[in-house]
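A.B. asks: Here's a sequence, model it:
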Amino acid sequence: MKSFLNLGLLTGLLLTAAPTQAQKVLTYTVEVDPAAQDQFQVKLELPKLGKEQGIYQFAATAPGTYQVMDIGRFVRKFEAFDSKGKPLEVKHVNINQWQLLKPEKTHEIRYTIAKTWNAPFPEHQVYRMCGSQLDASHALLNGQCLFGYPQGWQSKPLRVKLNYPAGWKVGTPLTLDAEGYYTAKDYDRIVDSPILLGRLTEATTKLGDAEVALYCYSQTDQIQAQPLLQNMQQMLNAAQKFLVELPVKRYTFLYDFEDRDAGAWEHSYSSEYAARESPLTPEKAASITSTAAHEFFHVVTPLNIHSEIIEHFNFVQPTGSEHLWLYEGTTEWASDLMQLRGGLLSLDSYLKELSSKVAYDHQYADTTYSLSKLGLNSFSDEGQRQYGNIYQRGAVTAALLDIRLLELSGGKRGLREVVLELAKKYGPNKPISEKNFFQDFTQMTYPEIGDFFKRYIQGAEPLPLAEYFAKIGIQYTPVLHTGQQIGSLGTSFKATEQGIVFTDVSRELQACGVAEGDQPVAYQGTAIRPDNLRATLDQIKASKPGQEFDLTIRHQGAEKKVHCRLLGREDVKRYNFAVLPNATPAQLALRQVWMTNL
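C.D. replies: Model prediction:
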């Protein structure tokens, strides 16, 4: 028999105050058993229900995911019982709702719910970092993937008891009460508080008065928490300087390193990451740090700046926000700029990152799709096809807004300063107006900013990249001919739902056996992944035309190797940003301000 650690009260006799507390809150017990065939057993002890609580609701989505989840799909067994343990009739009324036919008599609900990782659903697959995982050595728990709530009780306080194998460690922003329960003021908070548990390593550091904790699961122990946090320390210091003062007293990073890169998910007091396990090289550490910088900045947006849609989140019906550009685009802009200002990125590296974002906007997205429309339609299939651009065009647009604000204020107040003012004005408990935010922002700043919003966020006019960056002595050139010859595969790449594919394949590469729509697997024996594609292309460009190479591709579902020679082509730089060598004193002065925390 497996040994389990019970984090709840194990005695049958409760303290005098305990029944009173239990009657007021939703009390969940979760069995985290690796032997349970990838399923969790959940028990919910209920306060007295009324007829209006006759529907038990599972989440259709969750804040910050911008995707349909339909967690009811993962429920395998749903039962209700009265105070004597007698079964009560229930009815499955739709994908995410079960009806309690006798709610007034319902004392307890029990259900089995499957993990979301590797689920056999062809549509609306739950992002890994937003889902649930269970195996022999660890588990990842996200609140919306395990818990539901009686209709109308989204704001009811709750507590959670976890039963899990002895020896496992728990990482979470939640804290235990005196009785060993993880507590949350409402359903929104439990969804906002992921839990990673298992064979974890742990590290902590301090940022001013705030504690930062990092918990790491590494499938074969290639990555440990302490060196990972050490690599992030400079970024965290830069973030603290950028923000002046952290708006939280404790922040938790949760890392799950396994077999693939999946992404990250921000929360108010934490963030979680599902990434491919590999040695912690300087390149990998830099990539992890860059992603963490984005998620960490979410302590500002949406924790301290968010609309009513986030404040009173609709778990039943996915609802898009027009201000997704603020939550994600501005956050991505800030994560890059604070690294530039903190010395983690050189100006040249920052400009290359900016160039890649503009390239994504032009090559992979619909440039007629406004940022406002993208936010409002983010949950739809159409919006999901454009969703990645919120991090690309969204960040570039925020960079332009920053320059415009600095120009209008005479270098005294950029987007950073306005964001910090907004965070103080609103904070975690006062939402911005979904309808009037553009107007409110304009009144806080300058009339010209209202025109900026109408043209480049609410509208989809071409971004004035050359005009705005010239203000800080940086030249933008859409197409720059260098006259130099570089190595080339003889193909372009395109991001699709299936992954990266070859497009515009040259005759020479076709003769080697590569067809339109094939997928790259490896170049010269090194695997090609989204996170190293740019480095692979840089390696190819640095090679001499005519050099032989081996390429592994996936053709019609099967892998095959081809042998070919690199072609030569002119090095044409697209969407190029470069420092003007003859910048005027006014341009240099504004650039200096732009690169400085005011």
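A.B. asks: ok, now how distant is the closest residue to residue 301 other than its chain neighbours from residue 65?
C.D. replies: Nearest non-adjacent residue to residue 301, counting by C-beta to C-beta, 6 or more residues apart in numbering: residue 327, 5.0 Å away. (C-beta placed from N, C-alpha, C; glycine too.) Separation of residue 327 from residue 65 (C-beta to C-beta, to the nearest Å) stands at 12 Å.
A.B. asks: Settle it for me: which of the two has more neighbours?
C.D. replies: residue 327 (25 against 21; other C-beta atoms under 10 Å).
A.B. asks: distance of the more buried one from residue 75?
C.D. replies: Taking C-beta to C-beta, one finds residue 327 at 30 Å from residue 75.
A.B. asks: Next: residue 549.
C.D. replies: On the measure of C-beta to C-beta, residue 549 and residue 75 end up 50 Å apart.
A.B. asks: same deal with residue 330?
C.D. replies: For residue 330, the distance to residue 75 (C-beta to C-beta) stands at 37 Å.
A.B. asks: all helices of the stretch 201-350 of the chain, in order?
C.D. replies: 225-243, 282-297, 308-311, 324, 330-341, 347-364 (DSSP state H, counting those that start in this stretch).
A.B. asks: Between those, which one is closest to residue 524.
C.D. replies: helix 282-297 (16.9 Å; C-beta to C-beta).
A.B. asks: Could I get the buried residue list for the closest one?
C.D. replies: 284-286, 288-297 (16 or more other C-beta atoms under 10 Å).
A.B. asks: so where's this structure uncertain?
C.D. replies: Where the chain drops to pLDDT under 70, the residues are 1-23, 497.
A.B. asks: quick one, domains of it?
C.D. replies: 4-198, 200-291, 300-467+594-598, 479-575 (automatic domain parsing).
A.B. asks: Mind putting the ones you listed into a markdown table with distance to residue 585?
C.D. replies: Output for the domains of the chain, formatted as a markdown table (distance: least, C-beta to C-beta, whole Å):
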| stretch | distance to residue 585 |
| --- | --- |
| domain 4-198 | 44 |
| domain 200-291 | 27 |
| domain 300-467+594-598 | 13 |
| domain 479-575 | 26 |
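A.B. asks: The closest residue in space to residue 186 that isn't next to it in sequence and residue 420, how far apart?
C.D. replies: Nearest residue to residue 186, sequence neighbours excluded (C-beta to C-beta, 6+ apart): residue 155, at 4.7 Å. Plainly put, residue 155 is 30 Å away from residue 420 if you go by C-beta to C-beta.
A.B. asks: More neighbours: which of the two?
C.D. replies: Legend: neighbour count by other C-beta under 10 Å for residue 155 and residue 420, higher for residue 420 (19 against 12).
A.B. asks: Roughly how far does the more buried one sit from residue 553?
C.D. replies: Distance from residue 420 to residue 553, by C-beta to C-beta: 49 Å.
A.B. asks: Also residue 33?
C.D. replies: 42 Å.
A.B. asks: What of residue 501?
C.D. replies: Taking C-beta to C-beta, one finds residue 501 at 10 Å from residue 553.
A.B. asks: what residues do these two have in common as contacts?
C.D. replies: Common neighbours of residue 501 and residue 553 (criterion: C-beta atoms under 8 Å, 6 or more residues apart in numbering): 518-519.
A.B. asks: Of those two, which one has the most company?
C.D. replies: A side-by-side neighbour count of residue 501 and residue 553, using other C-beta under 10 Å, places residue 553 first with 22 against 19.
A.B. asks: quick one: that one and residue 486, what's the gap?
C.D. replies: Residue 553 is 22 Å from residue 486, by C-beta to C-beta.
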